[in-house]
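Enquirer: here you go, sequence then predicted model.
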Amino acid sequence: MRSYLPAMVLAGLAGTAAAQPAAATKPTFDEELGALLARPGGLTADAAAARAVAASPAVKRKLAESAAAKAGLDDFKYSLVPITTLTAGYTRLSKIEVPEIAPGFSFPVFFNSYHLGAEVAIPVTDLTLRLPHLKKATEHGVAAAQSGRRSAELAAAVDARVAYYEWVRAELQIVVATRLLEQVRANLGQIRALAEVSRVSRADVLRLEAQEAQVELGLAQVTELAGLRAEQLRFAIGAAPDEALAIGEDVREVGAEREVPPAAELTRTALGKRGEFVALREARKAVEQQRAAAKIDRLPRLNVFAQGVYDNPNQRVFPSEDKFNFTWAAGASVSWSLNDYLHAGPHDVKWQAELRQLDADLQTLELGVRAQVTAARQGVVLADHAYAATRRGLAAAEESHRVRQELLAAERATAIELIDAETELTRARIAAIDALIDRRIARARLANVIGEDQ
């Protein structure tokens, strides 16, 4: 269930403009925000995250890597099929003189030779000892690739959320800066009128004119910043340059207050869920299986085979005949290679080195994640404190502005004091908006650091 800002904070955000004749018709600050936020069909942070996952080149690459790993796993089912070879051939022989074995008797000579053959070989040692390890290694490789894809998706999603909230922040700052400029200009007109009747000094007019120039510069800066943030968001979600962006989320909504778990608990969650950890662990298991498969090279290899030939003439038929004859053969062989045995030792050292590298990578990643978790948790805690502080500051600024208006009406305060109160109220509004945005960004980053998706 969603809750909104406390009534006092909303009142401060709504604010009250300086006493102007047109104040009755001008929309309040909260009404202007309401017109800008939660627009039907507008973009939300969740939608931006989903679009970023679909558009991210890093995610597409991980998808391709995952597909390649799965293809390698599918290829293993063909490794279980016996090695089958089919051959066919024709040979034309040159003419030769055939000696007579006895007067009037010699072996027949055939100048055309035809061959049809099939051979089936089963590498028993590889099928029973080597391939199971390689199959498990490939399965772990697939799991590592899928974990890498998941990490890329979460990274793309959190980057899009941050880009979205920064864009919203800039758009809201334009509203604040625009109202402030209108307010300063209206106050400047009043001060000039008072200066003409010597109610205020020329210095007060110059001070307000300097403030007007400063606010104009600030408005120009946030307008350019909003354009930059919009382009960054377009890049993140893959939006077309002509796609209209509208804010579909009301960032004034405050979620239910949740206590931030201790850093140790968040770290345990990250160690178990972060895709980078899962990928490295799966990669380590793959290397272990490859190492086990390489050790098989030290053993003799047993192969069984069967072959059949349908030749014309068939060399096994005596005497040779000019016709096709079928013959077959079957057997088994045991072979052992000194070279494979000698290479097995260095190969094992190589796999051990890769395991140590992966162990070091895991330790480095764990240290980095612990630091990331601590920083992200502190970011959430500080954002919550900042939100509470700005809420109190906004309430105080609103009350100060109200009191200054009453004192001015009773001629117990000057117009300059009211202008200062209005400036503080505007600053409090900006701080409140920033605090709300910072809370959302901090929580999005914390969720990403521990391997979860908002």
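Expert: Done, it's in.

Enquirer: backbone dihedrals for residue 299, please?
Expert: Backbone dihedrals for residue 299, given as degrees, to the nearest 10, come out at phi -90, psi 160.

Enquirer: I'd assumed residue 165 was in contact with residue 45.
Expert: Yes. Using C-beta atoms under 8 Å, residue 45 is in contact with residue 165, at 6.7 Å. Bear in mind the C-beta positions are built from the backbone N, C-alpha and C, glycine included.

Enquirer: mutual contacts of the two, please.
Expert: Counting by C-beta atoms under 8 Å, 6 or more residues apart in numbering, the shared contacts of residue 45 and residue 165 are 440, 444.

Enquirer: tell me the pLDDT at the residue located most distally from the centre of the chain?
Expert: Most distant from the centre of the chain: residue 103, at 90.2 Å, with distances by C-alpha atoms, centre = their mean. pLDDT for residue 103: 71.

Enquirer: kindly report the same for residue 106.
Expert: In this prediction residue 106 is given a pLDDT of 67.

Enquirer: try residue 299
Expert: 91.

Enquirer: check the one 5 residues further on too.
Expert: If you check residue 304, the pLDDT there is 94.

Enquirer: residue contacts, it?
Expert: Contacts of residue 304 by C-beta under 8 Å, 6+ apart are 121-122, 124, 330-333.

Enquirer: for this structure, just list every one of the strands.
Expert: 83-92, 112-123, 301-312, 325-335 (DSSP state E).

Enquirer: where does the prediction get shaky in the chain?
Expert: Scanning the chain with the threshold set as pLDDT under 70 gives 1-25, 102, 104-106, 255-257, 454.

Enquirer: packing partners for the biggest helix by length in the chain?
Expert: When the chain is parsed with DSSP state H, its longest helix is helix 338-409. With contacts taken as 3 or more C-beta pairs under 8 Å, 6 or more residues apart in numbering; DSSP states H and E, helix 338-409 sits against helix 7-14, helix 263-273, helix 275-295, helix 415-449.

Enquirer: possible to save the strands of the chain as CSV with distance to residue 385?
Expert: What follows is these, written out as CSV (distance: least, C-beta to C-beta, whole Å):
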stretch, distance to residue 385
strand 83-92, 70
strand 112-123, 67
strand 301-312, 69
strand 325-335, 73
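
Enquirer: all helices of the stretch 51-200 of the chain, in order?
Expert: With DSSP state H, counting those that start in this stretch, the ranges of helices along the stretch 51-200 of the chain come out as 57-74, 76-79, 124-125, 131-196.

Enquirer: the last one versus strand 112-123: what angle between them?
Expert: Here helix 131-196 runs at 70 degrees with respect to strand 112-123, directions being taken by axes from the mean of the first three to the mean of the last three C-alpha atoms, to 10 degrees.

Enquirer: what angle sits between helix 131-196 and helix 415-449?
Expert: 180 degrees.

Enquirer: skipping its backbone neighbours, what lies nearest residue 32 in space?
Expert: Once flanking residues are discounted, residue 32 sits nearest to residue 175: 5.4 Å by C-beta to C-beta, 6 or more residues apart in numbering.

Enquirer: number of nearby residues for that neighbour?
Expert: Residue 175: 18 surrounding residues under other C-beta atoms under 10 Å.

Enquirer: ok, the one 5 residues further on next?
Expert: By other C-beta under 10 Å, the residues close to residue 180 number 23.

Enquirer: can you pull the contacts of the closest residue to residue 333 other than its chain neighbours?
Expert: Take residue 333 and drop its neighbours on the chain: the residue closest to it by C-beta to C-beta, 6+ apart is residue 303, 5.1 Å away. Residue 303 makes contact with 121-125, 332-335 under the criterion C-beta under 8 Å, 6+ apart.

Enquirer: of these, keep whichever come out buried.
Expert: 122-123, 125 (16 or more other C-beta atoms under 10 Å).

Enquirer: residue 226 contacts residue 170, correct?
Expert: Yes. Using C-beta under 8 Å as the test, residue 226 is close enough to residue 170 to be in contact (3.8 Å).

Enquirer: measure the residue nearest to residue 333 to residue 87 for me?
Expert: Computed as C-beta to C-beta, to the nearest Å, the residue 303 to residue 87 distance reads 19 Å.

Enquirer: repeat that for residue 304.
Expert: 19 Å.

Enquirer: ok, residue 426 next?
Expert: 89 Å.

Enquirer: check residue 333 too.
Expert: Distance from residue 333 to residue 87, counting by C-beta to C-beta: 20 Å.

Enquirer: hmm, back to that, closest to residue 156 among the buried ones among the contacts of residue 303?
Expert: residue 123 (44.5 Å; C-beta to C-beta).

Enquirer: what's the burial count for the nearest residue to residue 335 once chain neighbours are set aside?
Expert: Leaving aside its sequence neighbours, residue 335 sits nearest to residue 301 (C-beta to C-beta, 6+ apart; 5.1 Å). Number of residues near residue 301 (other C-beta under 10 Å) recorded here: 18.

Enquirer: so who does residue 301 touch?
Expert: Contacts of residue 301 (C-beta under 8 Å, 6+ apart): 123, 125-126, 334-337.

Enquirer: repeat the analysis, applying 7 Å as the threshold.
Expert: 123, 125, 335 (C-beta atoms under 7 Å, 6 or more residues apart in numbering).

Enquirer: sorry, back to before: ok, so of the buried ones among the contacts of residue 303, who is nearest residue 189?
Expert: residue 123 (94.6 Å).

Enquirer: gap between the spatially closest residue to the closest one that is not a sequence neighbour and residue 332?
Expert: The shortest distance from residue 123 to any non-neighbouring residue, by C-beta to C-beta, 6+ apart, is to residue 303 (5.2 Å). Distance of residue 303 to residue 332, computed by C-beta to C-beta: 7 Å.

Enquirer: ok, which of the helices of the stretch 51-200 of the chain comes nearest residue 261?
Expert: Per C-beta to C-beta, nearest to residue 261 of these: helix 131-196, 18.7 Å.

Enquirer: that closest one vs helix 275-295, what angle?
Expert: 160 degrees.

Enquirer: from here on, call the first residue 43.
Expert: Will do, 43 is the new start, and the previous item becomes helix 173-238.
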